[in-house]
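A.B. asks: Sharing a model prediction with you, sequence too.
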2 protein chains.
Amino acid sequence: MKYGVAAFPSKKLQDLANSYRKRYDPHYELITPHMTLKDAFEADDNQIKEISDEIAKIAKKHKPFKMHATRVSSFSPLTNTLYFKVEPTPEILALHDDLHKDSFGTKPKYTYVPHITIAQKMSDSEHSDIFGQLKMVGVDHEEMIDRIHLLYQLEDGSWTVFDTFRLTGAGE
Amino acid sequence: MKYGVAAFPSKKLQDLANSYRKRYDPHYELITPHMTLKDAFEADDNQIKEISDEIAKIAKKHKPFKMHATRVSSFSPLTNTLYFKVEPTPEILALHDDLHKDSFGTKPKYTYVPHITIAQKMSDSEHSDIFGQLKMVGVDHEEMIDRIHLLYQLEDGSWTVFDTFRLTGAGE
């Protein structure tokens, strides 16, 4: 089964992201707007118990963090994906690092760019058109994230929350 | 903001429910398959902290429960909704009762029928056609549910998990 770790921003920021995703993101119906902290990885029922315990430990170690969406960016030319760029603070990067320690067995494929996807899988011309528009509108939203979620994927591609972990900073 | 409480069944049962929902449930993209334990209710940011604490207490009081989906039923003539009927065990009814105590301020509108919706908002003729088919296929699936989720609704109608509560039975 495929699992992943993500943070959901506030309703306000999710509603804003969805106003774009509804039109420009074919994954719109598979999951609500989120910041991925650990990409989809395979685990079976036995492993997930351990992984879940490990994430619980990590969540206890980290305090709630500030999430500042600063502008609309693109992953082009890698992919025609638009996103709210989230300021890569030391706190977010440290949390991401801990979620990719050796014990998890999965190293990130790319340098981590914290973001909330708002459009993807567009043609080149649509991408350039929409990017031009949204770059001008921009985004500037700051909030605190005090919890992360472990999710699993159903056969149709949609994601269900398996567990929620509070970031307490109370120690390991 | 609108909140609700639900339990998500295992991937296996969710996949089965989605194989029907994909075709027959216009709410398919708003939430993954679930058993509602508390219908949508209004609460603001201050109230939700208290409500969340109250649900945490209730979850501590209740043990993981057996969820047995026994057959395909319909809410017709009330609404043209088809669902996996879940055996209304004392454990499930007690949990539902606790989630509707006076302190929550919301009394259930109908007698509680534990279920997982698989089709809704069909025309009379479609309902009678599909019900005939699915009744014959039926369902017989039993599993343990060891957690419940508090969710909130976005402007587009989709639901995001706010928190997850383990049913521990460890006491109040």
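C.D. replies: Sure thing, it's come through. Numbering: from 1, shown residues only, chains lettered A, B, ... in the order given.
A.B. asks: in chain A, which strand has the most residues?
C.D. replies: The residue-count maximum for a strand in chain A (DSSP state E) belongs to strand A:65-74.
A.B. asks: is any part of that one close to chain B?
C.D. replies: No - judged by CB under 8 Å from any CB of the partner chain, strand A:65-74 stays clear of chain B, getting no closer than 15.1 Å. C-beta here means a position set from N, CA and C on the backbone, and glycine is covered the same way.
A.B. asks: Residue A:118: helix or strand, and which one exactly?
C.D. replies: Assessed by DSSP states H and E, residue A:118 sits inside strand A:115-119.
A.B. asks: Repeat that for residue A:83.
C.D. replies: strand A:82-86.
A.B. asks: which helices and strands does the next helix or strand after that strand pack with?
C.D. replies: Downstream of strand A:82-86, the first helix or strand assigned by DSSP H and E is helix A:90-98. In terms of contacts (3 or more CB pairs under 8 Å, 6 or more residues apart in numbering or on different chains; DSSP states H and E), helix A:90-98 is packed against strand A:35-42, helix A:45-61, strand A:65-74.
A.B. asks: run the last query once more with 7 Å
C.D. replies: Packing partners of helix A:90-98 (3 or more CB pairs under 7 Å, 6 or more residues apart in numbering or on different chains; DSSP states H and E): strand A:65-74.
A.B. asks: and the strand it packs on, what other elements does it pack with?
C.D. replies: Packing partners of strand A:65-74 (3+ CB pairs under 7 Å, 6+ apart): strand A:82-86, helix A:90-98, helix A:124-137, strand A:141-145.
A.B. asks: Make CSV from these and add mean neighbour count to it.
C.D. replies: Shown next, in CSV, are the helices and strands packed on strand A:65-74 (neighbours: other CB atoms under 10 Å in any protein chain shown):
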stretch, mean neighbour count
strand A:82-86, 24
helix A:90-98, 16
helix A:124-137, 13
strand A:141-145, 14
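A.B. asks: Include mean pLDDT when you put these into TSV, please.
C.D. replies: Putting the helices and strands packed on strand A:65-74 into TSV (pLDDT from 0 to 100) gives the following:
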stretch	mean pLDDT
strand A:82-86	98
helix A:90-98	96
helix A:124-137	96
strand A:141-145	98
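A.B. asks: Same list, those, but as TSV with distance to residue B:146 please.
C.D. replies: Shown next, in TSV, are the helices and strands packed on strand A:65-74 (distance: least, CB to CB, whole Å):
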stretch	distance to residue B:146
strand A:82-86	33
helix A:90-98	26
helix A:124-137	42
strand A:141-145	26
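A.B. asks: Now do the end-to-end distance for stretch A:30-40.
C.D. replies: 14 Å (CA to CA, to the nearest Å).
A.B. asks: any bit of that stretch sitting next to chain B?
C.D. replies: Yes - applying CB under 7 Å from any CB of the partner chain, one finds that stretch A:30-40 is in contact with chain B at residue A:32.
A.B. asks: That stretch - what's its average pLDDT?
C.D. replies: Throughout stretch A:30-40, pLDDT has a mean value of 96.
A.B. asks: got the contact list for it?
C.D. replies: A:2, A:4-9, A:14, A:17-18, A:21, A:67, A:86, A:95-96, A:99-100, A:114-116, A:148, A:153, A:157-159, B:154, B:158, B:160 (CB atoms under 7 Å, 6 or more residues apart in numbering or on different chains).
A.B. asks: Show me which of those are buried.
C.D. replies: Neighbour-count burial (16 or more other CB atoms under 10 Å in any protein chain shown) applied to these gives A:4-9, A:14, A:17-18, A:21, A:67, A:86, A:95-96, A:99-100, A:114-116, A:148, A:153, A:158-159, B:154, B:158, B:160.
A.B. asks: Name the SS class of residue A:31, please.
C.D. replies: coil (DSSP: H, G, I helix; E, B strand; the rest coil).
A.B. asks: what about residue A:78, neighbour count?
C.D. replies: Using other CB atoms under 10 Å in any protein chain shown, residue A:78 is surrounded by 8 other residues.
A.B. asks: Kindly report the same for residue A:31.
C.D. replies: Around residue A:31 there are 23 residues (other CB under 10 Å).
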